[in-house]
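Engineer: My questions are about this predicted structure, shown below with the sequence.
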Amino acid sequence: MKKRQIIGGVLWAAALAWLTGCGGRQVVLVTGFWPPTNRMLIPYSKNPALNPAGWQGADWRGTGYDVVAYFPAFPHGTDSDPAGIGDFTVDYQDVLRDFNRIVRTLRPEAILCYGQGAGPWEIEQNFPVHSRWRDDYRAPLQPDCFCAFGNRYAAGDVLYATLPAEAIQSAVMAQTPQLPVWVDTQGDAGDFICGYMGFVAADYQARHP
């Protein structure tokens with residue numbers, strides 16, 4: 001079983017606090033999917049159609065990091081338009097295309113991926129390659145986790161988190177005691193688009209450590 005690492009849905013304010021001091025105006029890439037995740041990330045989008053108030057991620061809180069967010073929009077609601085439009089739609093192939101295009105431009109120092117989980121705030125640690133994923137909404141309905149990644153992986157391989165999840169958990173709970181935060185070390189990020197997004201980001205981290 002191969003072991004690689006990246007972080008999934010974390011409260012990135014605490015993650016950036018941990019990164020501060022690493023130097024430069026590096027980029028932290030943040031991705032999201034369904035509401036309320038996409039609404040949470042609106043201030044950090046550079047797309048004026050999604051964020052008419054203007055990008056607020058430059059040198060975020062004086063940390064020396066620029067925060068740039070990408071996420072789909074659901075102008076007709078998630079029931080009538082479950083895949084969404086724009087970047088990172090709920091589609092395996094679109095996620096991979098968008099991710100590869102964006103990281104070539106941004107060369108991010110860190111990647112934080114948000115999605116829906118058991119909550120209230122779950123920090124994922126494990127991103128397995130499933131033998132069967134949940135179908136998405138546009139053909140082809142399944143991801144290609146083998147040829148698309150140079151046949152580096154097989155079903156059952158697991159990629160793991162690198163950022164200090166327990167430290168992030170403690171920092172978040174100290175700032176917002178009313179918000180239960182837990183680190184999922186035994187389960188995984190699931191067999192749908194959130195788990196796949198984590199896997200894609202983890203593969204990138206493994207190739208650019």
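Structural biologist: Alright, I've got the coordinates.
Engineer: where does this structure have low pLDDT?
Structural biologist: 1-24, 117-119 (pLDDT under 70).
Engineer: how close does the residue nearest in space to the middle of it get to residue 199?
Structural biologist: Of all residues in the chain, the one closest to the mean position by CA atoms, centre = their mean is residue 113, 1.3 Å from it. Using CB to CB, to the nearest Å, residue 113 is found at 10 Å from residue 199. Every C-beta, even on glycine, is put in place using the N, C-alpha and C of the backbone.
Engineer: and if you look at residue 55?
Structural biologist: 28 Å.
Engineer: In terms of neighbours, single out the busier of the two.
Structural biologist: residue 199 (30 against 16; other CB atoms under 10 Å).
Engineer: Could you report the neighbour count for the residue nearest to the more buried one when sequence neighbours are not counted?
Structural biologist: Spatial nearest neighbour of residue 199, excluding adjacent residues (CB to CB, 6 or more residues apart in numbering): residue 127 at 4.4 Å. Using other CB under 10 Å, residue 127 has 30 other residues around it.
Engineer: Show me what residue 127 bridges to in the sheet.
Structural biologist: Beta bridges link residue 127 to residue 159 when assigned by DSSP bridges.
Engineer: doesn't residue 162 make contact with it?
Structural biologist: No. Checked against CB atoms under 8 Å, the pair residue 127 and residue 162 is beyond contact range at 11.4 Å.
Engineer: Can you check the distance spanned by stretch 173-184, start to finish?
Structural biologist: In stretch 173-184, first residue to last residue: 16 Å (CA to CA, to the nearest Å).
Engineer: Report the buried residues of it.
Structural biologist: Of all the residues in stretch 173-184, those buried under the rule 16 or more other CB atoms under 10 Å are 173, 181, 184.
Engineer: Can you list the residue ranges for strands in the protein?
Structural biologist: Listed in chain order, the strands of the chain (DSSP state E) span 3-5, 26-31, 65-70, 72-73, 85-86, 110-113, 121-124, 126-128, 158-160, 181-184.
Engineer: Most tightly packed of the ones you listed?
Structural biologist: Of all the strands of the chain, strand 110-113 has the most neighbours on average by mean count of other CB atoms under 10 Å, namely a mean of 26.
Engineer: Pull out the C-alpha coordinates of that strand and format them as CSV.
Structural biologist: Written as CSV, here are the backbone C-alpha positions of strand 110-113 (Å, rounded to 0.1, in the frame of the first residue of the first chain):
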residue,chain,number,x,y,z
ALA,A,110,-0.4,24.4,0.4
ILE,A,111,-3.7,23.0,-0.8
LEU,A,112,-6.8,22.9,1.4
CYS,A,113,-9.8,21.0,0.2
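Engineer: Skipping adjacent residues, who's closest to residue 41 in space?
Structural biologist: Closest residue to residue 41 in three dimensions, ignoring its sequence neighbours and counting by CB to CB, 6+ apart: residue 69, at 3.8 Å.
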